[in-house]
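Visitor: need a 3D model of the following:
(2 chains, ligands or ions: 2)
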Amino acid sequence: MRPNAMTPATVPTRRAFSERMAEYGAIDSDFVVFEADIGYSTFSHLFGDRYPERYFNMGIAEGNMVSAAAGMAADGRTAVASSYGVFITMRALESVRTFVCYPDLNVKFLSSHGGFTPSIDGVTHQATEDIANMTTLPNMKVLVPADTWAAKKLFDVAMQTPGPVFVRLMRDPILDLYEPGDSFRLGGSHVVIEGSDVTIATYGDILFPSIEAAQLLAAEGIRAEVLDLYSVKPFDREGLLKSLDKTGALVVAENHQKRNGLGYELSNFCLKNRVVPFDNLGLEDTFAESGSYGKLLEKYGLSKTCIAEAAKRLLRRA
Amino acid sequence: MTATQRANRALTLGERAAFLAEKSKEVRSRVLSMIYTAKSGHPGGALSAADIVTALYFDILRVDPANPRWPDRDRFLLSKGHACPVLYTCLAMRGYFALEHLDTLRQFESILQGHPIRKTPGIDMTTGSLGHGLSIGLGMALDGKLRGKDYTVYVMLGDGEINEGHVWEAAMAATKYKTDNLIAFVDRNRLQMDGCCDDIMPMGDIAAKFKAFGWKTFEIDGHDMERILRTIEKARRVRGKPACIVANTVKGKGVSYMEDRFEWHGKCPDTDQLACAMREIWGEDS
Ligand SMILES: Cc1ncc(C[n+]2csc(CCOP(=O)(O)OP(=O)(O)O)c2C)c(N)n1
Ligand SMILES: [Mg+2]
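Guide: Ligands and ions are numbered 1, 2, ... in the order given. You can find the predicted model right below:
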C-alpha cells in the first residue's frame, strides 16, 4: 500500500474485476457469467471472449438475467450476473432478494457505475441507493474495491465466500494505492493512513478524497486516520473499534445516499458500542445530476475540502 | 394547431416531406455538434431516429412550445432516452428553449441532462432507464381517455430496448384498454449496445409480436419521410386498438463511418470526424 506514492490508475475497477474474472474461467470450469447487453462497458466480454459457451448475454432484460442466474446456481454452480448498479439493485431487486439471497445461492454481482461515478450520464444511470438496497438483504455480502489490485483481490474474495456477494465497481479510473502483496478478506479493512485525532471511514472512490483530506488536515496539525472499509457488509467491527480507541471521533464519507448507507450502519453500531462525536457525508436525501465527477463531489459534499471541514467541525465539538 | 402546422396542411405530401428532409439535415448536424461539445453522448441511435423525430416535431405533433404543458398537447416519449440529443435538438429548434443550451449537454447544472428529465421544457417524463416508456405512454393515453381529451401519445422504443419484459406488459395492457390514442415506434436499426440484435437477443418479427398482442402494426422505411407521414396518419385513424410502427432504420444514418456500426452507439466523434460528418450531412464535396 502506497498512500504517499499513488499513481494514476490505468483501468477502472470494472475492468480490473473483469480481467480477474476472465482468468478465473480457467480455475473453475463450471463458472458462468451472465450479462445484460453492456458487456463492453462492464468488460465482462473479457470472460465471454475466452469462454463463449459459459457466457450468457441475456439482452436488455436484467430481471430475467438475475432469475436465470439463480436457476443456473441452484445445483451448485457459481454464476456472476453483470450490469450497472441501478439495474441490478432496483429493476432486478426482487430477483436478487427472493431468488438469490433467500435460497442463499452462489450468485455474485458485478455491479458497475456505482454511486454517481457515471456522472455525466445523469441520475438514470447513477446507483446512489445500491448499498442501502443490498446491505438490507439477509445473506448478501457487499464489497467495494477502490483500485485495481483491490478489484482483483476482491473478485477472489467474492468467489471464496459462500452465497451471494455484491461488488460495487466504478466507471472511471482514479488512482492506484494497493500493491499485489496487500491482502483482502471478507469483513476486513485497511488503515490507509494512521492518525490519532479523527477516523475517516470510507470505501470505493471516496477513499481518494479522504486520503487528500487527511493530507490537508495534517498540514493543520490534525492527524486523521483513514480507514478503507472495502468490506461494507460485514464491516470490520474490531478494526473500527481499534481506530476509535485511538481517535475517539468518526466521519463516514460515501458516494451514496446518507440514509441507510454505511454511515447509518456505523452510527447505529457506535450508539450501541462506542459513543463518539460522529458525522456522515453523502447525498442528503436528494438525487444528484449530470456533470463532471469533480463538480458533483464538490456540490454533494464529498470533495477533500468537504471531508476535511467535516473532520474539523467534529473536533471543535469534541 | 401552430402556425407552422396550419401552413403545412396546405402543402402536398411531397412538399412536406421535402421540407422535413431539409430540416433533418440541421437536426443531424446539431446532434453531432452537441455530442462533440459534450465529448460524450450516443450518436448512433440519435441518427437512426432523427427522421421520425423530425417529422413529429416539425409536422405531426400538436404542441405549443410557448406552453409546454398545454393540456391538449400530443405527448412524445423518447423511451430510448440515450438518443436524447435528437430530442433536445428538435425542442430547441422548435423554440422550447434557446439553441445555446445545446452546447451545455451533460454539463453541470445544465437543463439538458445525460438522459431526459421533466425539468427540461417540452419533456414530460424521465427516460433512459430502458423499458419503461411504453408503460408511461399507456398511462398518459389512459389519462387522456378519462379526461375526454383527443391528444395522441407517441412512444419511441429501441429494438434492443424491447428485450425488457416490461415493454410486453405494457403491450398487453394497451390492448386490454383499447388505447387507440397510443402509437409506438420501434427504431429497428438492428443494433444494440454489445452488437447486432440478432446475436445479443434475437427479437424475430417484431411487427408479428405486436400483432399477436392485439396491436395494429405497420412496417416502414424509417428514413422515407413520405412513408413516415403517411403511416403516422394511418396509425392515427386506427380505432379500438393501439398501433405500432416498426421503422427499419440504419444506426448512425447520414454519416457513412457510423452507419451500421455498433461501436458508434455511445462514442463521440473527434474534430476531423465531425468535419467529415458535416460534409456528408450537407452533401458538400470535401
Ligand atoms: C434498463 C437499462 N439497461 C441497460 C441500459 C444501458 N443501455 C443504454 S442504450 C443500450 C442499448 C439500446 O439499444 P437499442 O434499444 O436498440 O437502442 P438504439 O440502437 O436505438 O440506440 C443499453 C443496453 C439502459 N440504459 N437501461
Ligand atoms: Mg437498436
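
Visitor: which SS class is the most centrally placed residue in chain B?
Guide: When chain B is reduced to its mean C-alpha position, the closest residue under Cα atoms, centre = their mean turns out to be residue B:53, at 4.3 Å. Following DSSP: H, G, I helix; E, B strand; the rest coil, we place residue B:53 in the helix state.

Visitor: so what's residue A:270 up against?
Guide: A:244, A:250, A:276, A:278 (Cβ atoms under 8 Å, 6 or more residues apart in numbering or on different chains). Using the backbone N, CA and C atoms, a C-beta is placed for each residue, glycine as well.

Visitor: and the last one, how many neighbours?
Guide: For residue A:278, the tally of surrounding residues (other Cβ atoms under 10 Å in any protein chain shown) stands at 18.

Visitor: and for it, nearest residue in space, chain neighbours not counted?
Guide: If the residues on either side of it in the chain are set aside, residue A:278 comes closest to residue A:250, at 5.1 Å by Cβ to Cβ, 6 or more residues apart in numbering or on different chains.

Visitor: that neighbour: neighbouring residues, count only.
Guide: 27.

Visitor: and for the one 3 residues further on?
Guide: Burial of residue A:253, expressed as a neighbour count using other Cβ under 10 Å, amounts to 30.

Visitor: what's the answer for residue B:205, then?
Guide: By other Cβ under 10 Å, neighbour count at residue B:205 equals 12.

Visitor: need the per-residue pLDDT for it.
Guide: Predicted confidence (pLDDT) for residue B:205: 98.

Visitor: next one: residue B:284
Guide: At residue B:284 the predicted local distance difference test score is 76.

Visitor: hang on, the earlier thing: would you mind putting the contacts of residue A:270 into a markdown table with secondary structure alongside?
Guide: A markdown table is the format used below for these (three-state DSSP):
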| residue | secondary structure |
| --- | --- |
| A:244 | helix |
| A:250 | strand |
| A:276 | coil |
| A:278 | strand |
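
Visitor: can you redo these as a markdown table with distance to ligand 1 and pLDDT?
Guide: Written out in a markdown table, the entries for the contacts of residue A:270 read as follows (distance: Cβ to the nearest ligand atom, whole Å; pLDDT from 0 to 100):
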| residue | distance to ligand 1 | pLDDT |
| --- | --- | --- |
| A:244 | 41 | 98 |
| A:250 | 37 | 98 |
| A:276 | 41 | 97 |
| A:278 | 37 | 98 |
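
Visitor: how close does residue A:221 get to residue A:279?
Guide: Here residue A:221 is placed at a distance of 20 Å from residue A:279 (Cβ to Cβ, to the nearest Å).

Visitor: the residue nearest to residue A:278 and residue A:276 touch, don't they?
Guide: Yes - shown here, residue A:250 and residue A:276 form a contact pair, counting by Cβ atoms under 8 Å, at 5.4 Å.

Visitor: identify the contacts common to these two.
Guide: Counting by Cβ under 8 Å, 6+ apart, the common neighbours of residue A:250 and residue A:276 are A:244, A:270.

Visitor: what pairs with the nearest residue to residue A:218 once chain neighbours are set aside across the strands?
Guide: Using Cβ to Cβ, 6+ apart and skipping the chain neighbours, the partner closest in space to residue A:218 is residue A:224 (7.4 Å). Note on residue A:224: beta-bridge partners residue A:198, judged by DSSP bridges.

Visitor: just to revisit the earlier point, quick one: the residue nearest to the centre of chain B from residue A:205, how far?
Guide: For residue B:53, the distance to residue A:205 under the criterion Cβ to Cβ works out to 36 Å.

Visitor: repeat for residue A:134
Guide: Using Cβ to Cβ, one gets 17 Å for the distance from residue A:134 to residue A:205.

Visitor: now swap in residue A:88 and tell me
Guide: From residue A:88 across to residue A:205, the span is 18 Å (Cβ to Cβ).

Visitor: over to residue B:142?
Guide: Taking Cβ to Cβ as the criterion, residue B:142 is separated from residue A:205 by 42 Å.
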